[in-house]
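# A predicted structure for the sequence below; I have some questions about it.
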2 protein chains.
Amino acid sequence: MTTGPRFTDLAASLPATVPFVGPETQERARGAEFVARLGANENGFGPSPRAIAAMEKAATEIWKYADPESYDLRHALAAHHGISAENIVVGEGIDGLLGYLVRLLVAPGDAVVTSAGAYPTFNYHVAGFGGVIHAVPYRDDAEDPDALIAKAREVDAKLIYFANPDNPMGSWHSADRVQAMIDALPDGCVLCLDEAYGEFAPVGTLPALNVSHPRVIRMRTFSKAYGMAGARVGYALAQEGFATAFNKVRNHFGMNRAAQVGALAALEDQAWLGEVVARVERGRERIAAIVSQAGFTALPSATNFVTVDCGAEVERAKAVLDSLVARGIFIRMPFVAPQNRCVRISVGTKGELDQLEAEIQNLSSTFTNRS
Amino acid sequence: MTTGPRFTDLAASLPATVPFVGPETQERARGAEFVARLGANENGFGPSPRAIAAMEKAATEIWKYADPESYDLRHALAAHHGISAENIVVGEGIDGLLGYLVRLLVAPGDAVVTSAGAYPTFNYHVAGFGGVIHAVPYRDDAEDPDALIAKAREVDAKLIYFANPDNPMGSWHSADRVQAMIDALPDGCVLCLDEAYGEFAPVGTLPALNVSHPRVIRMRTFSKAYGMAGARVGYALAQEGFATAFNKVRNHFGMNRAAQVGALAALEDQAWLGEVVARVERGRERIAAIVSQAGFTALPSATNFVTVDCGAEVERAKAVLDSLVARGIFIRMPFVAPQNRCVRISVGTKGELDQLEAEIQNLSSTFTNRS
């Protein structure tokens, strides 16, 4: 029993880093809970009361495994989107689906294209399967469709990751621009269009759903506008052959049963969704006003967060972040220059934004004097 | 847009089979719900009322992501088992953890050893990562530790799968026998000891927990004795370096938040667990009596199911299964000869076993006349 496990060469080569440190870890480190949880783009307005009721009811049925086909949810989603259930894969959040997607497409050495500073969990999965990331810079604080396509062509990428609206910048492209990107997609290259924040975006942001394209896969989630991040329900929309390929690798019994019924109930309450989207819009406006008083600039956002330009280099943004975190306001910031001159603040409830406002006012003299 | 995705060679080679067809799929096919759900070794007595209450309460907090470290649950499990939290990995059921384990260890062509007719989901994962399964036969309706070790030595296996107690046969080995297997484990080979049914087993079945062995990993779950199959909470116990390796590949935000707190509450209610285990024991006795009246033989079981020897070849067992399923009794049967002369019946509630008894009595004349 002297030797350890024989990990694969790939597994042995992977770093022990994690995509995100959770707020609970930070709370344990600081010895106190956050007073405002505005760092993970969660949706503090929560899911539809109908979804909560469905999950409460499901607690007594939790002894049953979930339906491995997520039949009811997939069929409801199919009706909602006007497509077939065979075009839909349900999985353990977009994070889980991205893992399966990368596993299906990316062998060691395969080229993958994303934007520098885009979703770290995607990069985590690509590294985890030995893929090679080619990152193109943001342009004017937005992902750059032309550059992504050009890079994919240059490196013969099997996969492009593109989020619209974007995280962490909150920027977005028009449906026409995204459709042009789809039309320019090189042969043999898949476009993963992450629309996690799509419900928050203005009309005209999401291109028409066309599940006949063999290499476009769109990611949606119940974590953001539907307010169910902790449930872990995401779904992918793709051509049938692409969607069903996930059945070769996914954890068939990976879904939580209460989450399935909760998502179904949430989907059925589109009135609640509309109300939440309106509240989020007002929340964005309030965050913009709050940070403006402190001399910072809110960038336009089509999401449930506001990216705030702190007006200088990473040190300023980092100081703002550290100061707010120390005062119990959980926020995050972009990872890569020049986006990391910003901090990212999720829309929260009125009470949380009141806390944010109070703490930013406490900070503002410090920072405005330094600017 | 003419060509499809460029799947990896491995992904392209995988079959579209699934490890298990869910009961809901069968219900949709037959156009009626089952009256007794006794096929998936679920636990109809359900989780502790405290766990249900915790999950109900968590429904309103589902807008928050779960703690990606499962800190509270891992620390409670550590205290429960008298080990360190660093020896524990929490994941989306044992199914999810088996996937991560195989991914860490098995590259295409690597040898893996299991028993012929053991857990199909394990084989699914091995195939999914390109591993080569070497299966040894059961011996006297039990997995054969000596044969597993000998085969692992012969093929230079990186991984052995061994369940104690066993599924689908319900048989078990003594802790001493399993410890001898651990002691004989070839260098460079990991033993995955699946103890999903461990809480049901007699004292003296589970070897002492020794997380200092670098190549033994033990799988436990809240799906069986704790009655939370639909929550998807499993955990693995291993040496720290082995356990933390999972952080390189796991879906860090893959856990359902309500499931985490439910599992924590379930763990804290050991009195409920003890009561459930006692009820399951009485349920096994009742199933044995029921099938005995029909001329079939219940095999000894250390699990929450009873494997029933139908006394002939696969055709008899298949006929029993089909007949019961047609009458609304969901059960399953082993996949491989000679185990597939049996059907497998999970312990259910009194109402479900009443249904089983009625339907088996309806069947019995048919089958006893044929024997």
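In hand now; what should we look at? Numbering: from 1, shown residues only, chains lettered A, B, ... in the order given.
# Could you pull out the strands in chain A for me?
Per DSSP state E, chain A carries strands over the ranges A:36-37, A:88-91, A:111-115, A:132-136, A:159-163, A:190-194, A:216-221, A:234-237, A:297-298, A:305-309, A:329-330, A:342-346.
# Spatially nearest residue to A:His75 (excluding sequence neighbours)?
The shortest distance from A:His75 to any non-neighbouring residue, by Cβ to Cβ, 6 or more residues apart in numbering or on different chains, is to A:Ala85 (4.8 Å). Glycine gets a C-beta too; all of them are placed from N, C-alpha and C.
# out of the strands of chain A, nearest to chain B?
strand A:190-194 (4.8 Å; Cβ to the nearest Cβ).
# Report pLDDT for the residue of the stretch 251-371 of chain A found nearest chain B.
Nearest to chain B in the stretch 251-371 of chain A, going by Cβ to the nearest Cβ, is A:Arg257, at a distance of 3.1 Å. We note a pLDDT of 98 for A:Arg257 in this prediction.
# So it sits against A:Thr60, correct?
No - counting by Cβ atoms under 8 Å, A:Thr60 is not a contact partner of A:Arg257; they are 10.9 Å apart.
# ok, these two, which is more surrounded?
When A:Arg257 and A:Thr60 are compared for neighbours, A:Arg257 comes out ahead with 25 against 14, by other Cβ atoms under 10 Å in any protein chain shown.
# ok, the closest residue to the more buried one other than its chain neighbours - how many residues close by?
Leaving aside its sequence neighbours, A:Arg257 sits nearest to B:Gly230 (Cβ to Cβ, 6+ apart; 3.1 Å). A count of nearby residues for B:Gly230, using other Cβ under 10 Å, gives 28.
# cool, the one 5 residues further on as well?
Burial of B:Tyr235, expressed as a neighbour count using other Cβ under 10 Å, amounts to 24.
# Repeat that for A:Glu86.
15.
# Apart from its neighbours in sequence, what residue is nearest it?
Here the residue nearest A:Glu86, using Cβ to Cβ, 6+ apart, is A:Glu240, at 4.4 Å.
# Could you report the distance from that neighbour to A:Ile217?
Counting by Cβ to Cβ, to the nearest Å, the gap from A:Glu240 to A:Ile217 is 12 Å.
# Flag every residue of the stretch 251-371 of chain A that's near chain B.
Residues of the stretch 251-371 of chain A found near chain B (Cβ under 8 Å from any Cβ of the partner chain) are A:251-259, A:262.
# Quick check, A:Ile217 in contact with A:Cys192.
Yes - counting by Cβ under 8 Å, A:Ile217 touches A:Cys192, with 5.4 Å between them.
# what do these two both touch?
A:Leu101 (Cβ atoms under 8 Å, 6 or more residues apart in numbering or on different chains).
# Between the two, tell me which one has more neighbours.
Shown here are A:Ile217 and A:Cys192; by other Cβ under 10 Å, A:Ile217 has more neighbours (28 against 25).
# ok, the more buried one to A:Asn87 distance?
Relative to A:Asn87, and taking Cβ to Cβ, A:Ile217 is found at 10 Å.
# Pull up the per-residue confidence for the closest residue to chain B within the stretch 101-250 of chain A.
The nearest approach of the stretch 101-250 of chain A to chain B comes at A:Gly230, 3.1 Å away (Cβ to the nearest Cβ). The score at A:Gly230 is 98. That number is its pLDDT.
# do the same with A:Val18
What the model reports as pLDDT for A:Val18 is 79.
# Check the one 4 residues further on too.
Turning to A:Gly22, the model gives it a pLDDT of 94.
# That one: neighbour count?
Look at A:Gly22: counted by other Cβ under 10 Å, it has 22 neighbours.
# now A:Gly274
12.
# before we move on, the earlier item: go through the strands of chain A and name the closest to A:Ala150.
Minimum separation from A:Ala150 across the strands of chain A (Cβ to Cβ) falls at strand A:132-136, 7.9 Å.
# what angle separates that closest one from strand A:111-115?
Here the directions of strand A:132-136 and strand A:111-115 differ by 30 degrees (axes from the mean of the first three to the mean of the last three Cα atoms, to 10 degrees).
# elements contacting strand A:132-136?
Packed against strand A:132-136, as judged by 3 or more Cβ pairs under 8 Å, 6 or more residues apart in numbering or on different chains; DSSP states H and E, are the following elements: strand A:111-115, helix A:120-128, helix A:145-155.
# Make TSV out of the ones you listed and add distance to chain B, mean pLDDT and mean neighbour count.
Formatted as TSV, those follow (distance: least, Cβ to the nearest Cβ, whole Å; pLDDT from 0 to 100; neighbours: other Cβ atoms under 10 Å in any protein chain shown):
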stretch	distance to chain B	mean pLDDT	mean neighbour count
strand A:111-115	11	98	25
helix A:120-128	5	97	22
helix A:145-155	12	98	18
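# Pipe those into a markdown table and attach distance to A:Gly311 per row.
Listed next are those as a markdown table, based on distance: least, Cβ to Cβ, whole Å:
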| stretch | distance to A:Gly311 |
| --- | --- |
| strand A:111-115 | 23 |
| helix A:120-128 | 25 |
| helix A:145-155 | 26 |
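# do you know which of those lies nearest A:Gln355?
Across those, A:Gln355 has its closest neighbour in helix A:120-128 (26.9 Å, Cβ to Cβ).
# Now do the closest one: distance to the chain's middle.
13 Å (Cα atoms, centre = their mean, to the nearest Å).
# got the contact list for stretch A:307-325?
The set of residues external to stretch A:307-325 that reach it, using Cβ under 8 Å, 6+ apart, is A:26, A:30, A:141, A:168-170, A:287, A:291, A:295-299, A:301, A:331-334, A:337, A:339-345, A:356, A:359-360, A:363, A:366-367, A:370-371.
# among those residues, which ones are buried?
Those of these that meet the buried threshold are A:141, A:168-170, A:287, A:291, A:296, A:298-299, A:301, A:331-334, A:339-345, A:356, A:359-360, A:363, A:367, by 16 or more other Cβ atoms under 10 Å in any protein chain shown.
# Just the ones of those residues in helices?
Among those, the members found in helices (DSSP state H) are A:287, A:291, A:356, A:359-360, A:363, A:367.
# now those in JSON lines, with pLDDT?
Output for these, formatted as JSON lines (pLDDT from 0 to 100):
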{"residue": "A:Ile287", "pLDDT": "98"}
{"residue": "A:Val291", "pLDDT": "96"}
{"residue": "A:Leu356", "pLDDT": "97"}
{"residue": "A:Glu359", "pLDDT": "95"}
{"residue": "A:Ile360", "pLDDT": "93"}
{"residue": "A:Leu363", "pLDDT": "82"}
{"residue": "A:Phe367", "pLDDT": "64"}
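# Name all residues that make contact with the closest residue to A:Thr349 other than its chain neighbours.
Spatial nearest neighbour of A:Thr349, chain neighbours left out: A:Gly44 (4.6 Å); criterion: Cβ to Cβ, 6+ apart. For A:Gly44, the contact set (Cβ under 8 Å, 6+ apart) comprises A:37, A:227, A:347-349, A:352, B:63.
# switch the cut-off to 6 Å
Listed by Cβ atoms under 6 Å, 6 or more residues apart in numbering or on different chains, the contact partners of A:Gly44 are A:348-349, B:63.
# Low-confidence regions, the stretch 201-350 of chain A specifically.
Counting by pLDDT under 70, the stretch 201-350 of chain A contains no low-confidence residues.
# Ok, the stretch 1-150 of chain A next?
Applying pLDDT under 70 to the stretch 1-150 of chain A flags residues A:1-2.
# and it, which residues reach chain B?
Residues of the stretch 1-150 of chain A lying close to chain B (Cβ under 6 Å from any Cβ of the partner chain) are A:1, A:3-8, A:11, A:14, A:18, A:22, A:24, A:40, A:42-44, A:46, A:52, A:55-56, A:59-60, A:62-68, A:92, A:95-96, A:99, A:104, A:107, A:128.
# Thank you, goodbye.
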